[in-house]
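Participant: Have a look; sequence and predicted model below, questions after that.
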2 protein chains.
Amino acid sequence: MTQGLNGITLESVQERDQKDPLAGFKAHFSLPEGVLYLDGNSLGAQPTAARQAVNATLDQWRDELIKGWNQGWFDSPERLGDLLAPVIGAGQGEVCVTDNITLNIFKLLGYITQQAPTERRAVLSEGGNFPTDGYIAQGFCQVSGFEHRFLPEGAELAEHLDGVAVVVLSQVNYRTGALRDMAAITQLVHDHGVEVIWDLAHSAGALPVHLNESGARFAVGCTYKYLNGGPGAPAFLYVHQRVQDGGWQPLSGWHGHAAPFAFDADYAPASDISRFRTGTHSALAYTALEASLALWSEVDMQALREKSLALTDLFRDCLSDLFNTHGIEDITPSANQRGSQVSLIDGENGYAIVQALIARGVIGDYREPGLMRFGFTPLYLSFEDVWQAARHFREVVESGEFKDPQFHVRGAVT
Amino acid sequence: MTQGLNGITLESVQERDQKDPLAGFKAHFSLPEGVLYLDGNSLGAQPTAARQAVNATLDQWRDELIKGWNQGWFDSPERLGDLLAPVIGAGQGEVCVTDNITLNIFKLLGYITQQAPTERRAVLSEGGNFPTDGYIAQGFCQVSGFEHRFLPEGAELAEHLDGVAVVVLSQVNYRTGALRDMAAITQLVHDHGVEVIWDLAHSAGALPVHLNESGARFAVGCTYKYLNGGPGAPAFLYVHQRVQDGGWQPLSGWHGHAAPFAFDADYAPASDISRFRTGTHSALAYTALEASLALWSEVDMQALREKSLALTDLFRDCLSDLFNTHGIEDITPSANQRGSQVSLIDGENGYAIVQALIARGVIGDYREPGLMRFGFTPLYLSFEDVWQAARHFREVVESGEFKDPQFHVRGAVT
């Protein structure tokens, strides 16, 4: 392998690792031996501190019992929100960690449409977005009487805003990795008298997000992908300070009440971001996430972005000749329009290639039709890791290893 | 203390422990030294198996990463539902462990009212119930256009069902511990053409619940009280098999889709209990609960009920003379109308008595105005524990220890 991959040598990438300002973060993750993990866009790896944090919370449950709620559990949605805020360009008091993305979109749809002008009675979902964003918008419309519409993939947004109260858009597309210009689109949507909810599932922790600077008022996102909060870690919700006093959100539970322990009969929303809480949350889930968020305070987001682009380009550069000779289409967007993933299409062999890679310990994922997705997480992937993953990819394809029938059996979830 | 408490000797309760068929369960819990815990109605104690289970899931996250979702995480809402079903008298496939009570009530309100006759446009909440049940009903009404009403405490239910589509009732009242006759009330409500959602927060795991036998069609409950699932453990939702094919629930997320991994644009609900799932759930939270639910398969629910009544009566019998002489009102309902708690009122000193007890390691809780609540959890409380707690109560009151100013300072959460 000293001859390199498409001319890129192992020695050259090892040199890049030596100069990498983020290289030290890898030591803060517990990674399994023999695995090259390119699926941090689905579930992030485990921060080493998570185990100790979770066990400390188990101790607290055992020893302090109900008193644990006074010792940090109750306030964790706001405390973790404040830890997360700098990572997504939000201010203190603008982010609440709570529930999941599906539920948080519902809350914001209810909150926003409550004040929508009477001529704006539609909710617009993005065609080709991760489906739950559309599903919950449809559920909201069914119960509220709003009309649900899909923005066709590739259509001009401005031409589909008539009568729309709110549109839900992903900053980074989960399939292609395409990155939207949040500031420009937010401006355009607001200019049409419409609100936008940004879904940051594939951008939070993947690249610098500038919610305040972009003029964004509402956003949601998850913490189990690039933020490494653990499987099914709680999601977050962002509401700009200036629009936090707009009334009820419909999933009005006691933790979102202005005085949760007064036990008043009637609901009255908290005056701040806490109004977006619902009921009691899992202390174990929050503590794992908190351990991960503590790492982010030390991350230089600009360095993260540079490394993300470098890693994604390295993978593609190591393989571009192979793509050409084997009919694999690289649909990864150009650098300034890219999240932190590489997207390749091979309608015939994509599934089998991904399975053959998994058998070698190189974990990516596959989405019909033909899409191979590889996520690049700058905190725990080295340049050498990416080079080695590319080497496996090349070997799997060039050797025809993927043709083994075992790699063509369709499983359940990937 | 050999003279006993109100004539009840320590030796006599030790004898009862020796004959207790449930005594062996205490060894399955990790309990702090020096604590007598009478607050399992707020947060249950930790099953010893929870720590190992949570650490095994941490291992799984670390080593299996995304594959963990194929190794038990994804199906845990239904699997844990089936584990829980026998404890609440439900059948297999009728219970889903998901989200929290607040959210589950919203789902059922949406699901039920979707098919409500046009003349029934109101949702009835129970005055004096735990407030979140009313708050979320108000939120639902605000977004759906239904009318929200409160049933006044103590009012005749039958007289308040005109125009009502659905009523939300707690089987056991969180303040008084009063137990409702689920079968009779379900029948009455159905006879009026109305549906009822039962909240089992203070009955599931506290006493035998007979959902199917009682004719109940819809219920919700939490798992962090008598079911010992951990702080903020996921809640559950029950829908009778015969009414599971009724259409959408409004919090329609991808985990509730008929084909969650087909990534269809339009929502189509799963045909079974899975339709009540929303988005991605915390694997860590579920695994702690699963460790607890495994214990319940060995619990004789009739023996549990008998011990619950015996423990609550023991506490009261040890103190009834004291209640009389010190103006403490015992509002605990009679045996067949009681959950698993003792409720005492002392408007002047209740708060301070509870604080003085906590200082001695006897954990109960206090609710304004004047209410002292003590929960009795038959799996990890012995007769001697209860006797000792009563001894402390007697000493705190008789000595005037509670008069110390430190016990009158009002804290935040209790």
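Facilitator: Alright, I've got the coordinates.
Participant: Skip the chain neighbours and tell me the closest residue to the residue sitting nearest the centre point of chain A.
Facilitator: By C-alpha atoms, centre = their mean, chain A has its centre lying nearest to A:A201, at 2.5 Å. Excluding the flanking residues, the one nearest A:A201 by C-beta to C-beta, 6 or more residues apart in numbering or on different chains is A:C222, at 4.9 Å. Using the backbone N, CA and C atoms, a C-beta is placed for each residue, glycine as well.
Participant: same deal with A:K107?
Facilitator: Per C-beta to C-beta, 6+ apart, closest to A:K107 is A:Q249, 4.2 Å.
Participant: On the three-state scheme, the one you found is what?
Facilitator: Following DSSP: H, G, I helix; E, B strand; the rest coil, A:Q249 is assigned to coil.
Participant: For the strand ranked longest in chain A, what is the distance to the chain centroid?
Facilitator: For chain A, the longest strand by residue count, based on DSSP state E, is strand A:164-170. Offset of strand A:164-170 from its chain centre (C-alpha atoms, centre = their mean, to the nearest Å): 18 Å.
Participant: And stretch A:70-84, by the same measure?
Facilitator: Centroid separation between stretch A:70-84 and its chain, computed with C-alpha atoms, centre = their mean, is 20 Å.
Participant: CA-only coordinates of that stretch in CSV, if you can.
Facilitator: Presented in CSV, the C-alpha positions along stretch A:70-84 are these (Å, rounded to 0.1, in the frame of the first residue of the first chain):
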residue,chain,number,x,y,z
ASN,A,70,-33.2,18.9,43.4
GLN,A,71,-29.7,18.0,42.6
GLY,A,72,-29.5,18.8,38.9
TRP,A,73,-32.0,16.5,37.2
PHE,A,74,-34.9,18.9,37.1
ASP,A,75,-33.0,21.7,35.5
SER,A,76,-31.1,19.7,33.0
PRO,A,77,-33.2,20.6,29.9
GLU,A,78,-32.1,24.3,30.4
ARG,A,79,-28.6,23.6,31.6
LEU,A,80,-27.8,21.3,28.7
GLY,A,81,-29.5,23.8,26.4
ASP,A,82,-27.0,26.4,27.5
LEU,A,83,-24.1,24.0,27.0
LEU,A,84,-25.3,23.3,23.5
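Participant: in the stretch 51-200 of chain A, which spans are strands?
Facilitator: Here the stretch 51-200 of chain A has its strands, by DSSP state E, counting those that start in this stretch, at A:95-97, A:122-126, A:147-151, A:164-170, A:195-199.
Participant: List the buried residues in the third one.
Facilitator: Judged by neighbour count using 16 or more other C-beta atoms under 10 Å in any protein chain shown, the buried positions of strand A:147-151 are A:H148, A:R149, A:F150, A:L151.
Participant: Same check on the first one?
Facilitator: Along strand A:95-97, these residues count as buried under the neighbour rule (16+ other C-beta under 10 Å): A:V95, A:C96, A:V97.
Participant: Partner strands of it, with direction?
Facilitator: strand A:236-239 (antiparallel) (DSSP bridges).
Participant: Quick one: residues in contact with the partner strand.
Facilitator: A:80-81, A:84, A:88, A:90, A:94-98, A:104, A:107-108, A:111, A:204, A:211, A:216-223, A:273, A:276 (C-beta atoms under 8 Å, 6 or more residues apart in numbering or on different chains).
Participant: which residues sit in contact with A:P117?
Facilitator: Taking C-beta under 8 Å, 6+ apart, we find A:P117 in contact with A:A165, A:G193.
Participant: Please apply the same query to A:R316.
Facilitator: A:F323, A:D330, A:T332, A:V342.
Participant: now with 6 Å?
Facilitator: Under the criterion of C-beta atoms under 6 Å, 6 or more residues apart in numbering or on different chains, the neighbours of A:R316 are A:D330.
Participant: Now it: which helix or strand?
Facilitator: Taking DSSP states H and E as the definition, A:R316 sits inside helix A:301-317.
Participant: Let me know the next secondary structure element after that helix.
Facilitator: Next along the chain after helix A:301-317, taking DSSP H and E as the criterion, comes helix A:320-326.
Participant: What residues of that following helix count as buried?
Facilitator: Within helix A:320-326, the residues that qualify as buried are A:L322, A:F323, counting by 16+ other C-beta under 10 Å.
Participant: same check, this time on stretch A:116-128
Facilitator: Using 16+ other C-beta under 10 Å as the test for burial, stretch A:116-128 gives A:A116, A:R120, A:R121, A:A122, A:V123, A:L124, A:S125, A:E126, A:G128.
Participant: Quick check: mean pLDDT of it?
Facilitator: Averaging pLDDT along stretch A:116-128 yields 96.
Participant: that older thread, send me the longest strand of chain A as CSV with only the CA atoms.
Facilitator: C-alpha atoms of strand A:164-170 as CSV (Å, rounded to 0.1, in the frame of the first residue of the first chain):
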residue,chain,number,x,y,z
VAL,A,164,-48.1,29.1,4.0
ALA,A,165,-47.7,29.9,7.7
VAL,A,166,-44.6,27.9,8.4
VAL,A,167,-42.1,25.8,6.5
VAL,A,168,-39.9,23.0,7.9
LEU,A,169,-36.5,22.8,6.3
SER,A,170,-33.4,20.7,7.0
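Participant: hmm, it touching chain B?
Facilitator: No - Strand A:164-170 does not reach chain B (C-beta under 6 Å from any C-beta of the partner chain); its nearest approach is 13.3 Å.
Participant: could you check the angle strand A:195-199 makes with that strand?
Facilitator: 20 degrees (axes from the mean of the first three to the mean of the last three C-alpha atoms, to 10 degrees).
Participant: Tell me the helices and strands packed up against strand A:164-170.
Facilitator: strand A:122-126, strand A:195-199 (3 or more C-beta pairs under 6 Å, 6 or more residues apart in numbering or on different chains; DSSP states H and E).
Participant: For A:E15, grab phi and psi.
Facilitator: Reported as degrees, to the nearest 10, the phi and psi values for A:E15 are phi -60, psi -40.
Participant: Only the buried residues of stretch A:305-323, if you could.
Facilitator: Buried residues in stretch A:305-323, counted by 16+ other C-beta under 10 Å: A:305, A:307-319, A:322-323.
Participant: And those residues, which two are furthest apart?
Facilitator: Spanning the widest gap among these are A:R305 and A:L322, at 26.8 Å by C-beta to C-beta.
Participant: so what's A:E94 up against?
Facilitator: The contact partners of A:E94, by C-beta under 6 Å, 6+ apart, come to A:Y238, A:Q241.
Participant: Next up, the contacts around the nearest residue to A:S170 once chain neighbours are set aside.
Facilitator: Residue nearest to A:S170 in three dimensions, not counting chain neighbours: A:D199, with 4.4 Å by C-beta to C-beta, 6+ apart. The contact partners of A:D199, taken as C-beta under 6 Å, 6+ apart, are A:D133, A:S170, A:V220.
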